[in-house]
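Colleague: Give me a model of this one.
(2 chains)
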There are 2 protein chains.
Amino acid sequence: MLKVIAQDFIHPDRLPDVAPLYRELVEKTKQEPLCISYDLFVDQKDPGHFVFIEEWPDRAALDAHCATEHFTRLVPLINAHQRKAATFILMETFK
Amino acid sequence: MLKVIAQDFIHPDRLPDVAPLYRELVEKTKQEPLCISYDLFVDQKDPGHFVFIEEWPDRAALDAHCATEHFTRLVPLINAHQRKAATFILMETFK
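Modeller: Residues are numbered from 1 along each chain as shown, chains lettered A, B, ... in the order given. Predicted coordinates for the structure are as follows:
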């Protein structure tokens, strides 16, 4: 199992532009057959700080997600509105 | 619903010291009646970077968690091994 936290930092005046892109990205990613969970949250202290919490069976499934039509189309459109680069944490369950 | 990401940064030579403390903290927190989920992960690139992903019904439930015997006893013991201060993100579901 692979847990992922992906964090986007969007210009505060661009939130109306990114909202429909995020909605489509979440909706289509949840339909991927290998997606275990893919949920998007917003920092209470920063409405431009978007946090994906994802679960995939393995790294190959994450790589397949990053190669989908919806990912490769929507992520560059979202990133055009970012105020700084996204960050990613790939994690294993603590045992 | 309140989603929380709490991140601890532990000295790499102290992992054997913190592991049993984390195990007890997770086990006892999952038994709290208001806890929806409380899972601990480790960064694949940094074995001293511990990431809690938590879900609580509301802020009052999180505050009650932070006042429990197990939290107030174990967290200072864990923090004695940290290499830098913990970080916290409180989030709402994106809609």
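Colleague: C-alpha from now on. contacts and neighbour counts both.
Modeller: Will do.
Colleague: just so I have it, where are all the strands in chain A?
Modeller: A:2-10, A:37-43, A:46-56, A:82-93 (DSSP state E).
Colleague: pLDDT averaged over the third one - what is it?
Modeller: When pLDDT is averaged along strand A:46-56, the result is 98.
Colleague: Chain B contacts on chain A?
Modeller: Proximity of chain A to chain B, by CA under 8 Å from any CA of the partner chain, involves residues A:3, A:23, A:39-45, A:89-95.
Colleague: Buried ones among these?
Modeller: By neighbour count, with 16 or more other CA atoms under 10 Å in any protein chain shown, the residues of chain A next to chain B hold A:3, A:39-44, A:89-94 as buried.
Colleague: biggest helix in chain A by residues?
Modeller: Ranked by residue count under DSSP state H, the longest helix found in chain A is helix A:15-30.
Colleague: for that helix, which positions count as buried?
Modeller: By 16+ other CA under 10 Å, the buried positions in helix A:15-30 come out as A:18, A:21, A:22, A:25, A:26, A:29.
Colleague: surely residue A:49 meets residue A:40?
Modeller: No - judged on CA atoms under 8 Å, residue A:49 makes no contact with residue A:40 at a distance of 10.5 Å.
Colleague: Reformat the strands of chain A as CSV; add distance to residue B:62.
Modeller: Conversion of the strands of chain A to CSV gives the following (distance: least, CA to CA, whole Å):
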stretch, distance to residue B:62
strand A:2-10, 21
strand A:37-43, 16
strand A:46-56, 19
strand A:82-93, 22
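Colleague: Ok, which of these comes nearest residue B:72?
Modeller: Judged by CA to CA, the one of those that comes nearest to residue B:72 is strand A:82-93, at 23.7 Å.
Colleague: what lines up beside the closest one in the sheet?
Modeller: strand A:2-10 (antiparallel), strand B:37-43 (antiparallel) (DSSP bridges).
Colleague: Would you reformat those as a markdown table and include mean pLDDT and distance to residue B:66?
Modeller: Below are these laid out as a markdown table (pLDDT from 0 to 100; distance: least, CA to CA, whole Å):
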| stretch | mean pLDDT | distance to residue B:66 |
| --- | --- | --- |
| strand A:2-10 | 98 | 23 |
| strand B:37-43 | 98 | 13 |
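Colleague: just to revisit the earlier point, return the list of helices and strands in contact with the longest helix of chain A.
Modeller: Using 3 or more CA pairs under 8 Å, 6 or more residues apart in numbering or on different chains; DSSP states H and E, the elements in contact with helix A:15-30 are strand A:37-43, helix A:69-79.
Colleague: go again using 10 Å as the cut-off
Modeller: Packing partners of helix A:15-30 (3 or more CA pairs under 10 Å, 6 or more residues apart in numbering or on different chains; DSSP states H and E): strand A:37-43, strand A:46-56, helix A:69-79.
Colleague: sorry, back to before: any chance of the buried ones among the residues of chain A next to chain B in JSON lines with distance to residue A:60 as columns?
Modeller: Listed next are these as JSON lines, based on distance: CA to CA, whole Å:
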{"residue": "A:3", "distance to residue A:60": "13"}
{"residue": "A:39", "distance to residue A:60": "19"}
{"residue": "A:40", "distance to residue A:60": "21"}
{"residue": "A:41", "distance to residue A:60": "24"}
{"residue": "A:42", "distance to residue A:60": "27"}
{"residue": "A:43", "distance to residue A:60": "29"}
{"residue": "A:44", "distance to residue A:60": "32"}
{"residue": "A:89", "distance to residue A:60": "16"}
{"residue": "A:90", "distance to residue A:60": "13"}
{"residue": "A:91", "distance to residue A:60": "14"}
{"residue": "A:92", "distance to residue A:60": "15"}
{"residue": "A:93", "distance to residue A:60": "18"}
{"residue": "A:94", "distance to residue A:60": "21"}
